[in-house]
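Q: Let me see the structure of the following:
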Amino acid sequence: MKRSSLALTITCTVVFAFAALFAPFPAAASAIDIGLVPMQDFSCDALAPATPSASTPAAGTASPQIMLPSGTPVLTEADYPAGDDADPAVAEALVALETRYAACLNAGDLPAAASILAQPLRDRLFSPALLAKKAQASPVPSSDPVGAIALRCIRQSGDGAAVAFIDHFDDNAVRTSTMMRVYRELADGWHVVEQAGVKGVSTESCP
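A: Sure, this is the predicted structure:
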């Protein structure tokens, strides 16, 4: 197969996978935004720990079945699903989850950061052996810390799944990365069940 054909096949696979995952989302295009949250106000140790053990679905909640290719695929904002405004309590829970993730990355505590990910995603992004090794070592603070985060276009589907754009900023409030993340409330709390890098995203409005 030619390289161009292979790239097209992979891109189509990623887009169709996200389309299948977000099928329960209604057509209305509404969302909740959370403004800039400075990370200087948070530390990994001060935040409530997430459980690093296997995450299992809560009663009555379907386990996410979609699996993306290894690594983080790159999508565009056109792939972002429509949906209803997330419940304010859900939005608050996602902010808590993402501040923990960024604070623990800044602290160099990879196992604590990875604990916000549901196990299938965590195992794809980080090998269990690496996390076990890091858990035995003293964390080394990041030399390139996240200065602030923002959650945008937070939407929720009828089955409880939530989706958001997550922006990371440096200490000068310059945006350094954007991810699209999907969340579900599992038996031990909210977790990220899927994620993808995003390019060409406007910060002025939601898709």
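Q: Going by C-alpha atoms from here, please, whenever you check contacts or count neighbours.
A: OK.
Q: and the closest residue to residue 35 other than its chain neighbours, what element?
A: Among residues not flanking residue 35 along the chain, residue 150 sits closest, at 5.5 Å (CA to CA, 6 or more residues apart in numbering). Taking DSSP states H and E as the definition, residue 150 sits inside strand 148-156.
Q: What pLDDT is listed against the residue nearest to residue 35?
A: With respect to pLDDT, residue 150 scores 92.
Q: quick revisit: what angle separates the helix or strand just after the strand holding residue 150 from strand 148-156?
A: Heading C-terminal from strand 148-156, the first helix or strand you meet, by DSSP H and E, is strand 162-169. Per axes from the mean of the first three to the mean of the last three CA atoms, to 10 degrees, the angle that strand 162-169 makes with strand 148-156 is 170 degrees.
Q: Kindly calculate the angle that the next helix or strand after strand 162-169 makes with strand 148-156.
A: Moving toward the C-terminus from strand 162-169, the next helix or strand (DSSP H and E) is strand 175-186. Counting by the same axes, to 10 degrees, strand 175-186 lies at 40 degrees to strand 148-156.
Q: Can you get me a residue count around the residue nearest to residue 167 when sequence neighbours are not counted?
A: Spatially, and ignoring its direct neighbours in sequence, residue 167 is nearest to residue 178 (4.5 Å; CA to CA, 6+ apart). Close neighbours of residue 178, defined as other CA atoms under 10 Å, add up to 20.
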